Structure formats: C-alpha cells, structure tokens
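Asks: okay, predicted coordinates and the sequence, questions at the end:
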Amino acid sequence: MSLFSVQERTLVLDQPVKIGRSVARARPATNNAIFDCKVLSRNHALLWYENGKFYLQDTKSSNGTFVNNQRLSKGSEESAPREVCSGDIVQFGVDVMENSRKVTHGCIVATLKLYMPDGQEAKASPSTAVGGAVSSVTAQELYQLRTYLQEATHREQQIETKLAALQRLVSSTQEAATHSWKAMIDEDRLLQRLETLEAQLTTYAKNYPEDSVREEMRRLLDDKCQYETTAKESLRRVLQEKLDAAAKLADLERQEDVTLTLSTSEDELSHMKEICESSQKELAELLEKQALQNEQVIQLTEKLKTTEDSLKDAEENYEQEKKEMSNKIVEKGSEETSLDMLSIEPSDMKQALETTQREIHTLKDRLQTSQDELRQAEANVSQLKHEAELADSVEAGCLSTRARLQEELSDNKAKLAADKALTDHLQTQLAGLEDRLRDYQMISETPKIYDDIYDDNTPTLVRKKKDLSKNKDKLNEDDTKDDECPNDLEDGQDADTTLTIIPTKTDKSLTIIPTKDCKDFNVNGSLEGKDEKETEIAQESLLCTDIHRLQELLETSQRSQETAEKEVERVKEDLAQASTAAITASHEASNLRQQLAASEALMSEKVKSVASLQSQVSRLEDSSQEVHTQLSNLSVRLREEQQRVHVAQEETQTLRNKLSEAEDLAQLSVQEAESLKNRILGLEERLEFSQTTSTTPLILPPHALRTTLCISQDNTSIDSITPPASLDTTEPINPAANDASISTSRSAVVVQDVVDGDSALRPPSCNADTTTLATKEAELKDFITRLQEKLAQSQQQCSALQERELALQETLDRESRSEAKDAGPMSPEKVDSLKEELRVLREERNRLRDKLSLIDEDYQVLTVQNRMLNFMDSPPHCRKRCRKCCGAEPRAAVHCALGVITAFYDTISAITGTSEFHPPS
C-alpha cells in the first residue's frame, strides 16, 4: 500500500496498522502511517487485510476519516469497518484555522495503491473513475467556500442595514422639508390674513360719510388679498416644480450611475464568458489528453503482462532443462558404475556390487540434495518473482536471479569438466583394455602348453595388474575431486585383487575371473575336463561383448557431452535474454509508475481547476442573474420616468393654459382701462357742469365712484411702480410674474388715462407732475412691450421644451421597444446620447433656477413697491399733498379724495363686503 500525501509510504499489512499523530514513542517513517499533523488523533484509524479484502476503521477520532469525501462516522465515535479499494482517496481529519494566529493546519489526503499477496493490484472502486474524480471537490475548498459565503452574507447584511438607515433618514428629511414648507406657507398666509384684518380694522375705524365708499374699499382690499394669494400660490407651484426638477435630476444621475455600472458589468460578463469558453476548451483538451494517457497506460500494462508471461515461460523452460540435465547426470553416473563393474575382476564382483550400491545411495542422496536445492531454487524464483512485481525491488530481484544463474552456470561448467575428465579416464581404460586384448590375441596364436604360457606371461600379468591398480587409483582420485565417490570405494579398491588371465584358442577374447573362483585350478598348468574349456571360451566371448558395449557407451557419452555443451550455450543465451528482458521490464515498470504518478498529480490539478471553473461558472451565472434583475429594474425606472415626463407635459400644458388666461386677462384690463377713461371723461364733464351750477348737489353713481377710486389709487402708485432692472434680460418669465406685470401695467394705463382726461381740470402748479406722469407712462408702455416680447420668448422656449420632451419620449419608447425585443444591454451610442440629453436637461435646470431667482427678486420688488404704495396712500400724506398741490380749490380736493378711495379700494371692498369688480361691457 502506498500513501501519497507529502511523501510515499509503504505499509505491510501482515497485522493491523495504526494511523495517528506523531508522539514521542512513535515517529513518522516511510514504513508506518504516523504523521506529524495536528488535526489527527493519536489513535486515528486502523487499516488491515482480511480474507482478500482491505478494511479501514475510524477509532473515535475527533476530526473524522473520509473515504472518497464520505465520512465514516460522527465525531468521537467508532465507525464500522469500511472496505477500501485501490485508487480510493482517503482523508484523515479536516483543515483547522487558528483564529489567534490566522494559521491553517492542513489535513492528510492520500491515494491508496493496494496489492494482493500474489503481487496483483487490488480492484479499483467505481467511485474513483475519471468522471467522479472530475466532479469531486476537496474539503479544504468546501471550507474556504463556506467562509467566503459567510463573509459575503455578513457584508450584505451590513450594507442592507446601512441602506435601510439611509432610506429612513432621507424619508425623514423629505417629510421635514415638506412640513417646513407647508408651515412657512401657512405662516405667510396667516400673516397676510392678519394684515388684511388690520387694514379692514383701520378702515372700519375711520368715519366715512357713505356706506358705498366703505363697501368699495372693502372690495378693493379683498381683491388685493386675492391677488397676493394667487401670487403666493404661483410661487409655491414654481418652487414645487423646482423640487420636482431636482428630484428628476437626482433620478437621472442615479440612472447614469446605473448605466455606468451596467456597462462595466456587461464588459465583465463578456470577459468572464470568454474565460469560461477558453476554460471549457482547455478542459476538453485535457480530457482528450487524459483519455490518450489512459490508453497508453492500458497498452503499457498489457506489455508488462506479456513480458511477465514471457519471463514465466523462460523460467519454466529453465526448470525443464535443469531437470533434463539432472537426469543426464544420473544416467552418466549409472554408466560410470557400469564401466567400473566391467573393469572389476570376476573375483571382486560382489565387492564391486557393494561399492556400486553405496555409490547409488550417495547418488540418491545427492539427487535428494539437488531436489532440495531445486525446491529451494524454485522458492527463490517465486520469491524473486514476487519481488520483481513490487515496484521498489524489481531491479534487486533481477540482479539476484542473474547472480544465481551465473553460479548455476559455473556449477554446470564444473560438472561438465568432471564429465570430461570421466570420459578421458574411460577412454584411457578402453585403450588399455584394447592393448591387453591385442596382447592376448598374440599370445593365443603361439601353440604352447598352459604351463609355459602361464610361466612366460606371469611378469606381464603382474605388470597389467599393477597398471590396473594405478588406473583405479587415478579413478579414485578423480572421484574424490568431484565429490561423487564415497570413502568406502577407496577401501574396496585398496584390497588386493589377483587376476588370472586364461587365453583360449577358439575365440580372441579374454575372461577376467576372480582368484577365489580359481582355487581348483592347478598351478602347474594342467586343465581338467572339457567343461573348463567351454567356460573359458564363454568368458572370452563375454569379455569381447563387454568391450564393444563400452565402446558404444563411450560414443553415446561423447554425443551426450556435445548436446550438453549445446544446451549449456542455449541456457546461457536464454539467461542473457531473460536478464535483458528483466532489465527492460524493470525500466518499463519504473517508467509506468512515473507516468502514473505524473498522471495522478495532473489529474488532481485538473480536478482542482475544474472545481474552480465550476465555482467561476456559478459566480458568472449569479452575476448574469443580477444583471438581468438590474436591467428589469432599469426598465421599470424607465417606465416611471416616462410617466413623470408625461406628467411634466401635462403640467406644461396647464402652464400654457394659464398663460393664455393671463393674456386674456391683459386684454380685458386694457378694455377696462378704456372704459374707465371714458367714464372719467364723463365725470369731469359732470364736475364742470356742477361747478357752473353750484346749487345742484354732487351725486356720483357707484360706477363713477369706482372710477375715481381707481384713478386716485393709480395716481398715487405711479411714483412707486417701476419696472425691475432684472427683467430687462432676455430670459423668459413665469406666468405668475406676467400676471403681476399685466396688473401693474393695467393700473398704469388707467392712471395715464385719468391724467390725460384731468389735465384740463388741474391747476398750473401740477404741470410738472403731469410731465413726470407722462414720462412714467411712456416707461410703462416700454415695459409692457418688453414683457410681451419676453412672453413670446417664453412661449417659444416652452414649445422648444415640449419638442425636446417629445423627442426624449420617442427615444425612451424606442429604447423600451429595443430592450423588449432583444432583452440585451444598451449600446454605447445610446448611452452617450442619453448622457448628452442629461447634460442638456441639467443646463435647462440651471437656467430655470436662474429664472426662478429673477422672479423671486421681481416679486420682492413688487411687494416692496406695493407696501410703499400703501404707505404713501395714508391719509396724512394725502392731506399734505392736497394742501401742497391743490391749495383750497374744491376740484383738487375732490381729485385727492378719489385717489385715496382708489388706493384703499381693496380694503373698502373687503369691509363693505361688495362683489368683485367687473369692467362694464
């Protein structure tokens, strides 16, 4: 089993192996499962082998044990034994982070490589296939993802609370602003009402001779209050429009920010899409490469199997050849014993038989030892085979087998040398026997009696006997060198053997007879009986047949020697081939292991990259959903803006209607001035007539009184009403300011008509006032013309604004249709056009602000002039002016009274409760 966490660990599971943390008595090593890791327990898990299966058990660990990302048991609980397979990914503990030092302690992650006792790799789990490995995510990545999600949710909650607080603050400020504005308006109205009531009180406090005058004054005061309220209402509407414009501007700025964020998010989305596509392409390429590498691994494993099969065949052939060699050695030993038996005299046959039996026993012992050695060699071969299948001991096993084969080859060479020496010895013996045979043949040809032959050949027999004893001694020495002959054989060969050689006449053969069988022969050379001759002839024939058989055995031994040499050469060649095949197999196995380790490392990296890509794809999907939600929100805001633009268009339409009403009112005021002028002329005629006829009382109709009141009021207010300097600019004016200017011009026209009509009635001391009034009348006419021009310009600008609003509405409709059609992001050109329109609207807003400020200044000037007019129209001032200008003339006094009545027309009309003034038709 191999663990690949930081380094490779090799464990032998002959007993259960403990997996745990390093302590003082157990230190990490390459042959144990002790790790220097703080997240492991001391007794973390157990791993063992039983009944052909591998089991893993969690022994109450704190941080748990995981097999293919599945935890075996809960915390501090012992798990059931879990079967593990080769290729499973096991994890001991989880990553733990110290909050104090911000240090993360990693866990132990390992890939199991399990091997059976026969050297075969255990079965692989289906969960560790390529698809499962690609979709697996490590616990460390899950922990990091959980921390990131927690931080993101915490930040999101903080942002939501801040946004809620800001919204509450903005709503409270808006409510406070509206309440303050309403309070200010109400306060202004109340002050105005108080002023009106005070004026009415002062009016009622004075004593006027007639009730009609009071009613007229009350009506005039009511009109004045109504005009002021309408002016304030118009001012309030203008300010409300100003606030609406500011709100629209803020909305447009937010929309601009949203469009900017939208454009940036679209760019990021496109970029992330490109990254996702490229990563998917790379993933596909990596999967293809991995498939090719898997095919190569399969091919290499098949090659390894074929080489192992060939190695097994070579070993089997070697064992068979070894058995054949042992059988041949046994046969040669038997042949050697037979030759020894032939070389022994007939008298020593029993002794030779005993020696041969002893030799047979020794050979059997040797055979048994050789069989034991063969079994031991087979055990060594099986052990070497087992070691060769292991990754770390392949080369050492091959070297040991090669050394062993070399030793066996040296032993075979030694045995071959011994066989050669034995064959040489047999050849020498055979040559000696042939020489002896030739000598016996030569002796048999000489016709002598047995005694003479025996007497003559006695030295020769003694010499032959000595030669045979010498040959036997040499043979015994050779046997002792080869460790094949026992010591008992030497004792048997040292015994004195007497040979009696009896030649025969009929056959050229010799018979070797032991001495003990020849006791009955007479030494003097007499042969007794025909039976003895026949036995001699038979012995001679047997001797010849033995010699022929020995020659044949010698030839067969030579042939077997040649075949043995050939087989030895073939065994050498097979040994060289087997060694080269073992070396190549070891190299291929090491290459395969390296490739497998590299592919596993690459696979782990790819698994991590695939997990990161999946997280990126999920984040991209979330961002795309957010973008879609933002687009939907923008479309909703766009519809709201369209509705607001529609409301603004309606408001502009109402302003136009009011402007047209103001124009109609101006025309009516001009007509009223003309009618008042005609009435004043009639009144002057009546005054002249009354002066001529002093007896007739002065009785004025109500419409004449109203006319005189208007004349007096306008006459006294001409000096104070002047056009404001700020209105000389070419900017457009609000309709409320136009109404005020129109009413002022109306009063000025009435005053001028009265002055023109009354110029004949005034004394010469008032000619200077008349000239000043004429100049002021001319200035007022110019002011009216300028106001009309500004009114035309304001109408043009209103029409231009309306056209611009229509164009903006059309662009918004087109944008909404295009968004509904393709549901895609806005183009940069459209964004630029919207920015340009936003800039134009900002400029228009600034210009409107300037106009509103000018209108405010004009309104302030008008209020100051109105108050000055009221102050100048007080009774003491009128009396002084009457004494200065008119003296004691009654007509001047009447004119002064009419001016006072006209100045206080609104107060009098309010006091008397008369109806509103309507010009005659």
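Replies: On my side now, so go ahead.
Asks: which stretches in the stretch 151-300 of the chain count as helices?
Replies: Using DSSP state H, counting those that start in this stretch, the helices assigned to the stretch 151-300 of the chain run over residues 211-343.
Asks: quick check: which ranges of it have low pLDDT?
Replies: Along the stretch 151-300 of the chain, the parts satisfying pLDDT under 70 run over 206-210.
Asks: residue 71 contacts residue 61, doesn't it?
Replies: No: when contacts are counted by CB atoms under 8 Å, residue 71 is not listed as touching residue 61 (10.2 Å). For every residue, glycine as well, the C-beta is placed using N, CA and C.
Asks: between the two, point out the one with more neighbours.
Replies: With other CB atoms under 10 Å as the criterion, residue 71 and residue 61 differ in neighbour count, and residue 61 comes out ahead with 26 against 16.
Asks: wait, a helix at residue 78?
Replies: No: the assignment for residue 78 by DSSP: H, G, I helix; E, B strand; the rest coil gives coil, which leaves it out of any helix.
Asks: check whether the nearest residue in space to it that is not next to it in sequence sits in a helix, strand or coil.
Replies: Leaving out its chain neighbours, the residue that sits closest to residue 78 by CB to CB, 6 or more residues apart in numbering is residue 60, at 5.0 Å. When states are read from three-state DSSP, the local structure at residue 60 comes out as coil.
Asks: what number of residues are in the vicinity of residue 60?
Replies: Residue 60 has 14 neighbours, counted by other CB under 10 Å.
Asks: give the contact list for it.
Replies: Under the criterion of CB atoms under 8 Å, 6 or more residues apart in numbering, the contact partners of residue 60 comprise 41, 43, 76-78.
Asks: as CSV, those residues with neighbour count and distance to residue 784 would be great.
Replies: Written out in CSV, the entries for these read as follows (neighbours: other CB atoms under 10 Å; distance: CB to CB, whole Å):
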residue, neighbour count, distance to residue 784
41, 20, 102
43, 13, 108
76, 11, 100
77, 12, 101
78, 13, 106
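Asks: and the least confident of those residues?
Replies: Note: of those, the lowest pLDDT belongs to residue 76, at 80.
Asks: identify the residue nearest that one in space, chain neighbours excluded?
Replies: According to CB to CB, 6+ apart, the nearest residue to residue 76 is residue 60 (5.5 Å).
Asks: if I look at that neighbour, how far off is residue 45?
Replies: Separation of residue 60 from residue 45 (CB to CB, to the nearest Å) stands at 10 Å.
Asks: what's the answer for residue 654, then?
Replies: With distances taken as CB to CB, residue 654 is found 85 Å from residue 45.
Asks: now do residue 79
Replies: 9 Å.
Asks: the two: which is more packed in?
Replies: The residue with more neighbours, out of residue 79 and residue 45, is residue 45; 24 against 19, by other CB under 10 Å.
Asks: so what's that one closest to, chain neighbours aside?
Replies: residue 19 (4.4 Å).
Asks: what is the least confident helix or strand in this protein?
Replies: For the chain, using mean pLDDT, DSSP states H and E, the weakest element among its helices and strands is strand 500-501, scoring a mean of 34.
Asks: picking that back up, now list whatever residues contact both of residue 79 and residue 45.
Replies: Shared contacts of residue 79 and residue 45 (CB under 8 Å, 6+ apart): 57-58, 65.
Asks: can you redo those residues as TSV with neighbour count, distance to residue 124 and pLDDT?
Replies: As requested, the shared contacts of residue 79 and residue 45 are exported to TSV (neighbours: other CB atoms under 10 Å; distance: CB to CB, whole Å; pLDDT from 0 to 100):
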residue	neighbour count	distance to residue 124	pLDDT
57	18	21	94
58	25	22	93
65	26	20	93
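Asks: tell me the one of these nearest residue 633?
Replies: residue 65 (49.5 Å; CB to CB).
Asks: partners of the closest one in the sheet?
Replies: Listed by DSSP bridges, the beta-bridge partners for residue 65 are residue 92.
Asks: any idea how far it lies from residue 86?
Replies: Distance of residue 65 to residue 86, computed by CB to CB: 18 Å.
Asks: per-residue confidence for residue 18?
Replies: 92.
Asks: that's a helix at it, yeah?
Replies: No: going by three-state DSSP, the assignment for residue 18 is strand, not a helix.
Asks: I figured it hits residue 46, correct?
Replies: Yes: using CB under 8 Å as the test, residue 18 is close enough to residue 46 to be in contact (6.2 Å).
Asks: now do the shared contacts for the two.
Replies: Common neighbours of residue 18 and residue 46 (CB under 8 Å, 6+ apart) do not exist.
Asks: who's more crowded, these two?
Replies: residue 46 (19 against 15).
Asks: helix/strand/coil for that one?
Replies: The assignment at residue 46 comes out as strand when based on three-state DSSP.
Asks: state the distance from residue 314 to residue 652.
Replies: Taking CB to CB as the measure, residue 314 falls 106 Å from residue 652.
Asks: do the same with residue 432
Replies: Going from residue 432 to residue 652 by CB to CB gives 152 Å.
Asks: repeat that for residue 577.
Replies: With distances taken as CB to CB, residue 577 is found 106 Å from residue 652.
Asks: same check on residue 159?
Replies: Following CB to CB, the distance that separates residue 159 from residue 652 is 40 Å.
Asks: residue ranges in the stretch 1-150 of the chain under the pLDDT threshold?
Replies: By pLDDT under 70, the weakly predicted segments of the stretch 1-150 of the chain are 1-6, 126-139.
Asks: how about the helices in it?
Replies: 130-135, 139-205.
Asks: as CSV, those with mean neighbour count would be great.
Replies: Putting those into CSV (neighbours: other CB atoms under 10 Å) gives the following:
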stretch, mean neighbour count
helix 130-135, 14
helix 139-205, 12
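Asks: make CSV out of the ones you listed and add distance to residue 268.
Replies: Supplementary listing: the helices of the stretch 1-150 of the chain in CSV, determined by distance: least, CB to CB, whole Å:
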stretch, distance to residue 268
helix 130-135, 27
helix 139-205, 17
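Asks: to residue 213, which of these lies closest?
Replies: Residue 213 lies closest, by CB to CB, to one member of the helices of the stretch 1-150 of the chain: helix 139-205, at 9.8 Å.
Asks: packing partners of the closest one?
Replies: Helices and strands touching helix 139-205, by 3 or more CB pairs under 8 Å, 6 or more residues apart in numbering; DSSP states H and E, are helix 211-343, helix 530-692, helix 905-912.
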